[in-house]
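Colleague: Structure for this input, please:
(2 chains)
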Amino acid sequence: DTAVSQTPKYLVTQMGNDKSIKCEQNLGHDTMYWYKQDSKKFLKIMFSYNNKELIINETVPNRFSPKSPDKAHLNLHINSLELGDSAVYFCASGGGNYGYTFGSGTRLTVV
Amino acid sequence: KQEVTQIPAALSVPEGENLVLNCSFTDSAIYNLQWFRQDPGKGLTSLLLIQSSQREQTSGRLNASLDKSSGRSTLYIAASQPGDSATYLCASYSGGGADGLTFGKGTHLIIQP
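Modeller: The predicted model follows:
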């Protein structure tokens, strides 16, 4: 009964490829997020999204795009992968007074 | 722009000790503050959530305090155990928009058996 689940857990791909990471939450939250944890373990928000509004952190390259087929899903699509995209990507849901619930992360390695 | 700092960056103590992890934030206009635990190669597990109107929250051997006016929060761990070894992250929430949670860089805690 995982609250926020991400797939795949590990992703190894070559530069220039396009890949997607899937995220699903069963908590009934209205808002979902993508965070990036870099090699120094620092977590930073990439996107927040609810059924009304997508907010993008201005530092995120436009090669990254969130796609939400419904309220319970927020997938992350990455075009033309670069070496610097290697990181751990976390999906989360909730926010506000309810706090955040995070998924277990997807470790992306670009070779 | 909110900045969150955690001190110390790393801490190693013998089993059984009580310990305090510190978190400070620059903008006191927060809605809440959340403490997480991250085990190596794993996701984030929420430990405690303190709303801006609260002074502290407790869960088992964990106690988190919040002093908004001074921009500080502490996580107190009583009677530490080797299973407490992990990285502890604090994160402040200041409202909607692109900021989301602002994380500190974490305290890497090792409890020696």
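
Colleague: show me the residues around A:Leu83 that make contact.
Modeller: Taking CB atoms under 8 Å, 6 or more residues apart in numbering or on different chains as the contact definition, A:Leu83 lies against A:Met15, A:Val110, A:Val111. From N, CA and C alone the C-beta is placed, and that goes for glycine too.

Colleague: Please name the bridge partners of the second one.
Modeller: Under the criterion DSSP bridges, A:Val110 forms beta bridges with A:Thr13.

Colleague: Can you tell me how far it is from chain B?
Modeller: To chain B, A:Val110 is 18 Å away according to CB to the nearest CB, to the nearest Å.

Colleague: A:Leu43 versus that residue, what's the distance?
Modeller: Using CB to CB, to the nearest Å, one gets 19 Å for the distance from A:Val110 to A:Leu43.

Colleague: more crowded one of these two?
Modeller: A:Leu43 (24 against 19; other CB atoms under 10 Å in any protein chain shown).

Colleague: wait, the more buried one sits on A:Tyr35?
Modeller: Yes: with contacts counted by CB atoms under 8 Å, A:Leu43 reaches A:Tyr35, the gap being 5.2 Å.

Colleague: Spit out the residues that contact those two alike.
Modeller: Joint contacts of A:Leu43 and A:Tyr35 (CB under 8 Å, 6+ apart) are A:Phe90, B:Leu101.

Colleague: What is the helix or strand bottoming out on mean pLDDT in chain A packed up against?
Modeller: Least confident helix or strand, chain A: strand A:54-56 with a mean of 78, by mean pLDDT, DSSP states H and E. If you count contacts as 3 or more CB pairs under 8 Å, 6 or more residues apart in numbering or on different chains; DSSP states H and E, strand A:54-56 packs onto strand A:43-49.

Colleague: export the strand it packs on as PDB, just CAs?
Modeller: Extracted C-alpha coordinates of strand A:43-49, given in PDB (Å, rounded to 0.1, in the frame of the first residue of the first chain):
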ATOM      1  CA  LEU A  43      17.100  18.500  -2.700                       C
ATOM      2  CA  LYS A  44      15.500  21.100  -4.800                       C
ATOM      3  CA  ILE A  45      12.000  21.400  -6.200                       C
ATOM      4  CA  MET A  46      11.600  21.200 -10.000                       C
ATOM      5  CA  PHE A  47       7.800  21.400 -10.500                       C
ATOM      6  CA  SER A  48       4.600  21.600  -8.500                       C
ATOM      7  CA  TYR A  49       1.400  20.700 -10.200                       C
END
